[in-house]
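>>> Provided below are the primary sequence and the corresponding predicted coordinates.
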Amino acid sequence: MKQEQKHLEKLIKDLDMLRTRFTLLKQSEQKYRTMIEKQPEPICKWLPDTTITYVNNAYSKFLGKKKQELIGKKWKLFLSANSSSKKTIDLYKRLSLHPVTTTHENKVKRKDGSTRWLQWCNVPIKDSKGNIVEFLSVARDITNQKMVEEILRFSEEKFSKIFHIMPTPIAITNFENGIFIDVNKAFLKLFEYSRKELIGQSAKDIIWKSCKRRKYFIDKLKKKKRIHNMELSAQTKSGKPLKHLISSDKITIGGEKYIITAAIDITESKKREEEILRYQSQLKALTSSIAFAEEKERKRIAGEIHDNISHTLAVIKMKLGEIQASEYQCTHKKELSLLTKLIDEAISCSRTLTFELGPPILYELGFDAAVRWLTEKFRTKYGLKLEINSNIKSVPLNEDIKIVLFQSLRELLRNVVKHAHVKKVSVKIHISRKRILVRVKDRGKGFDISELSDKITKSAGFGLFNVRERIEYLGGSLKIQSVKDRGTCVTIIVPLH
Ligand SMILES: Nc1ncnc2c1ncn2[C@@H]1O[C@H](COP(=O)(O)OP(=O)(O)OP(=O)(O)O)[C@@H](O)[C@H]1O
Ligand SMILES: [Mg+2]
């Protein structure tokens, strides 16, 4: 009896203990359930066939559905159409085989139609025999992170595509050692290398033949943020010389500094530029030699007129004088005086022609006397009032300079008569030890200087062009200043070597 009493007491005690444990367990489950309910992250439990058995408030709020709409449904129903649901379902198989905590990502569709990316952390729940009976999953909204990744991937892809299809040669090299890490097709084509040959090599050996130049480039890049259009000479693999303009900037990839360089091949345009410069100097020389040949020819014709025609006319005049003084004059008196008048006119014409072709005065008495003769001519022929300011008296000038300056002055005065529509012009001629200056200034109609080259291309108005070419051939300069309705001032400066 005592024994039974004891046994009963133990049973009651055990039952009490069990009740306490059960209460504690219930309390603890309640505590965990409340904790899970209050979690801001979506949490759910699901059976191996993906049927949802439990969702917390955050989960139903996230999907915008009531708990009743979710529990009992298979979660693959809530995946977005373009989420890789197959991949997600495969995950469950993986989880079954290797029941450890695993993460996976999927795109879910909410009730309002919007989609979000979730990253799930899945924990298998096993029964006492070790069989997986359920999974507990906690989600994290990674939509923004996914978007950033997507933008980055897109911009990387975009950059890579642009980099490789660009017709401009581009290279990425290590900042410190110049090793090529990437180059585009245009770069390979320009330098005649294959990708295999170039990647891993240093630009120091391939591009920069001069260490000094690379040092200058690196120093400049260190000081400035970027380099714009620096001229560089290099060679292709076959040794063909190249000239190009490079523009570079620094970039950081994975914490390492690199240089991205784009090159513009200017080999051909440089060649053309040099050719144009050569043609230009040839043209200058040609213009000048034409000018000198013209002057020589003028001088020769003037000499012919003077020595033959004028001389013959003078002889005819003399003979006519003799006839007029003789006994025949009474019969043809009228005709003889008419002939004398005509001969006088012819002599005067031939003298004017001689002077206009190439005033012997320029060769015989020099530039100063020729200028005085020229200004006098403009005064009498066109009624132009010239204000001369000159210090040139009796300074001997080299023949070429003398001819070019005389021709130029004549052209400038002709222009005043033709275009300025004024009767007054001032001429300044100033000579120093080093140079001679000739300036013609009027207060006439003026003109738009920017239209000058246009006139030349329309094959008219070669006067000033010729003057400029000849003056520049002598190492001098021509400066034109003109304002519409205010006047024109042309200044010529020629160095005296
Ligand atoms: N003193 C000036 N006043 C106003 N316009 C001028 C003057 N000098 C030159 N020009 C303008 O400049 C243009 C070019 O002059 P330029 O001497 O080269 O050619 P042109 O006199 O027209 O022809 P060309 O000299 O070949 O007979 C003229 O057509 C004229 O419009
Ligand atoms: Mg002219």
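Cool, the structure landed. Ligands and ions are numbered 1, 2, ... in the order given.
>>> Neighbours of the residue of the chain found nearest ligand 1, how many?
Of all residues in the chain, the one sitting closest to ligand 1 is Gly463 (2.3 Å; Cβ to the nearest ligand atom). For glycine as for every other residue, the C-beta is placed from the backbone atoms N, C-alpha and C. By other Cβ atoms under 10 Å, 16 other residues sit near Gly463.
>>> Up against ligand 1, what does the stretch 301-450 of the chain have?
Contact residues, the stretch 301-450 of the chain versus ligand 1 (Cβ under 6 Å from any ligand atom): Asn415, Val416, Lys418, His419, Ala420, Asp442, Gly444, Lys445, Gly446, Phe447.
>>> mind listing what the residue lying closest to the fifth one once chain neighbours are set aside touches?
With Cβ to Cβ, 6 or more residues apart in numbering as the criterion, Ala420 has its nearest non-adjacent residue at 2.7 Å, and that residue is Gly444. Taking Cβ atoms under 8 Å, 6 or more residues apart in numbering, we find Gly444 in contact with Val416, His419, Ala420, His421, Val422, Gly487, Thr488.
>>> Local confidence estimate at the first one?
Yep, that's Val416 we're talking about. Model confidence at Val416, expressed as pLDDT, equals 96.
>>> didn't it look like it was pressed against Val422?
Yes. If you go by Cβ atoms under 8 Å, Val416 and Val422 touch, sitting 6.9 Å apart.
>>> Neighbour count for these two, which is higher?
More crowded of Val416 and Val422, by other Cβ under 10 Å: Val416, with 25 against 16.
>>> Quick check: the more buried one is in a helix.
Yes. Counting by DSSP: H, G, I helix; E, B strand; the rest coil, Val416 is part of a helix.
>>> Quick check: residues of the stretch 301-450 of the chain near ligand 2?
Applying Cβ under 5 Å from the ion, one finds that the stretch 301-450 of the chain approaches ligand 2 through Asn415.
>>> What ranges does the stretch 301-450 of the chain have for its helices?
For the stretch 301-450 of the chain, the helices defined by DSSP state H, counting those that start in this stretch cover 311-325, 333-357, 360-364, 367-382, 399-415.
>>> what's the closest of these to Thr236?
Taking Cβ to Cβ, helix 399-415 is the member of the helices of the stretch 301-450 of the chain nearest to Thr236, at 46.3 Å.
>>> what's the angle from the closest one to helix 367-382?
20 degrees (axes from the mean of the first three to the mean of the last three Cα atoms, to 10 degrees).
>>> Give the buried residues for helix 399-415.
If you call a residue buried by 16 or more other Cβ atoms under 10 Å, then helix 399-415 has these buried ones: 400-413, 415.
>>> Find out how far it is from the centre of the chain, if you would.
Taking Cα atoms, centre = their mean, to the nearest Å, the mean C-alpha location of helix 399-415 is offset from the chain mean by 42 Å.
>>> Check the helices of the stretch 301-450 of the chain for me and report the most buried one.
Among these, helix 399-415 has the highest mean neighbour count (mean count of other Cβ atoms under 10 Å), at a mean of 20.
>>> In the stretch 51-200 of the chain, where is pLDDT below threshold?
Counting by pLDDT under 70, the low-confidence segments of the stretch 51-200 of the chain come to 81-101.
>>> and with 50 instead?
Low-confidence segments of the stretch 51-200 of the chain (pLDDT under 50): none present.
>>> What ranges does it have for its helices?
Under the criterion DSSP H, counting those that start in this stretch, the stretch 51-200 of the chain contains helices at 57-63, 67-70, 85-97, 143-165, 185-191, 195-198.
>>> which residues touch the fourth one?
So that's helix 143-165. The contact list for helix 143-165 (Cβ under 8 Å, 6+ apart) reads Arg116, Trp117, Ile170, Asp182, Asn184, Lys185.
>>> Identify the residues contacting Ser233.
Contacts of Ser233 (Cβ under 8 Å, 6+ apart): Lys209, Pro241, Leu242, Lys243.
>>> Report the beta-bridge partner residues of it.
Under DSSP bridges, the beta-bridge partners of Ser233 are Lys243.
>>> And it, what's its pLDDT?
86.
>>> Can you tell me the closest non-neighbouring residue to Leu190?
Nearest to Leu190 is Pro169, by Cβ to Cβ, 6+ apart, at 4.6 Å.
>>> From what I see, that neighbour and Ser247 are in contact.
No. Pro169 is not in contact with Ser247 according to Cβ under 8 Å; the separation is 11.3 Å.
>>> more crowded one of those two?
Neighbours of Pro169 and Ser247, each counted by other Cβ under 10 Å, are more numerous for Pro169; the result is 21 against 16.
>>> who does the nearest residue to Ile132 once chain neighbours are set aside bridge with?
Closest residue in space to Ile132, ignoring its immediate chain neighbours: Pro124 at 4.7 Å, by Cβ to Cβ, 6+ apart. Going by DSSP bridges, Pro124 is paired in beta bridges with Phe135.
>>> Neighbours of Pro124, how many?
Neighbours around Pro124, by other Cβ under 10 Å: 18.
>>> Help me confirm that it comes into contact with Phe135.
Yes. Assessed by Cβ under 8 Å, Pro124 is found in contact with Phe135 at 5.6 Å.
>>> Export the helices of the stretch 51-200 of the chain to TSV and append columns for mean neighbour count.
Shown next, in TSV, are the helices of the stretch 51-200 of the chain (neighbours: other Cβ atoms under 10 Å):
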stretch	mean neighbour count
helix 57-63	18
helix 67-70	14
helix 85-97	14
helix 143-165	11
helix 185-191	19
helix 195-198	13
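>>> Could you say which one of these comes nearest to ligand 2?
helix 185-191 (48.9 Å; Cβ to the ion).
>>> What lies in contact with the closest one?
Residues contacting helix 185-191 (Cβ under 8 Å, 6+ apart): 164-171, 194-195, 198, 206-207, 234, 236-237, 242, 244, 263, 265.
>>> again, only this time at 7 Å
Identification of contacts with helix 185-191 by Cβ atoms under 7 Å, 6 or more residues apart in numbering yields 164, 166-171, 194-195, 198, 236-237, 265.
>>> Strands - which of the residues you listed land there?
Ile170, Ala171, Asp265 (DSSP state E).
>>> ok, for the last one, nearest residue in space, not its chain neighbours?
When you say that, I think you mean Asp265. Asp265 sits nearest to His244 (Cβ to Cβ, 6+ apart), 5.0 Å away.
>>> before we move on, what about the second one?
Of all residues not flanking Ala171 in the chain, Val183 sits nearest, at 4.5 Å (Cβ to Cβ, 6+ apart).
>>> contacting residues for that neighbour?
Val183 touches Ala171, Arg195, Leu198, counting by Cβ under 7 Å, 6+ apart.
>>> next one: Gly72
So Gly72 contacts Thr51, Ile52 (Cβ under 7 Å, 6+ apart).
>>> could you redo the last one with a cut-off of 10 Å?
Gly72 sits next to Thr51, Ile52, Thr53 when contact means Cβ atoms under 10 Å, 6 or more residues apart in numbering.
>>> The most centrally placed residue in the chain: what's it in contact with?
By Cα atoms, centre = their mean, the chain has its centre lying nearest to Asn229, at 8.1 Å. Residues in contact with Asn229 (Cβ under 10 Å, 6+ apart) are His244, Leu245, Ile246, Ser247, Ile264, Ile266.
>>> phi, psi of the single nearest residue of the stretch 351-497 of the chain relative to ligand 2?
For the stretch 351-497 of the chain and ligand 2, the shortest gap (Cβ to the ion) falls at Gly463, measuring 2.7 Å. Here is the backbone geometry of Gly463 (degrees, to the nearest 10): phi -50, psi -60.
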